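Asks: Sequence plus predicted model, see below.
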Amino acid sequence: MADFKSLFQSADWKTEKHVPVIEAPDKVKKGEFFKVTVTVGKEIAHPNKTEHHISWIEVYFHPEAEKFPYQIGRIEFWAHGASVQGPDTSSVYTHHEAGLSFKTEKPGVIYASSYCNIHGLWQNSKELKIE
């Protein structure tokens, strides 16, 4: 049986539409809030149809020299064009993008994961430094 971490896929987000793209500063001021935006399909659009869509994005922060990461946020996407008339009959669609802010006093790594209902779990990471 495979371990859980082996289920997460990763690639260059510029060539793979499933990889969550983390937009955050490379360096932040100690103890000050900063913004993080995570988008799936930034360079190559990911479908957002009833039958093929991104279900959720999660963001974690793993401070340097700490054992476990902190979950910073999770957003679920529910509108993919379905309605009582059937698949892709609605004009309401969510965009697979999550925006949040947090602060830290330690450097570390921001992790993002996402789930495509057809192609599974995807991940990415970004190092964060402290001024």
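Replies: Ah, there it is.

Asks: shaky segments in the chain?
Replies: 1-2 (pLDDT under 70).

Asks: The residue lying farthest from the centre of the chain and E43, how far apart?
Replies: What lies farthest from the middle of the chain is Q85; by Cα atoms, centre = their mean that is 30.6 Å. As judged by Cβ to Cβ, to the nearest Å, Q85 and E43 stand 33 Å apart. Glycine gets a C-beta too; all of them are placed from N, C-alpha and C.

Asks: so E127 bridges to which residues?
Replies: For E127, the beta-bridge partners are V109 (DSSP bridges).

Asks: check contacts around it.
Replies: D26, P107, G108, V109, I110 (Cβ atoms under 8 Å, 6 or more residues apart in numbering).

Asks: Highest neighbour count among the residues you listed?
Replies: I110 (21 neighbours; other Cβ atoms under 10 Å).

Asks: How about the contacts made by the closest residue to that one other than its chain neighbours?
Replies: Nearest residue to I110 in three dimensions, chain neighbours excluded: K126, at 4.8 Å (Cβ to Cβ, 6 or more residues apart in numbering). K126 is in contact with I22, A24, V109, I110, counting by Cβ under 8 Å, 6+ apart.
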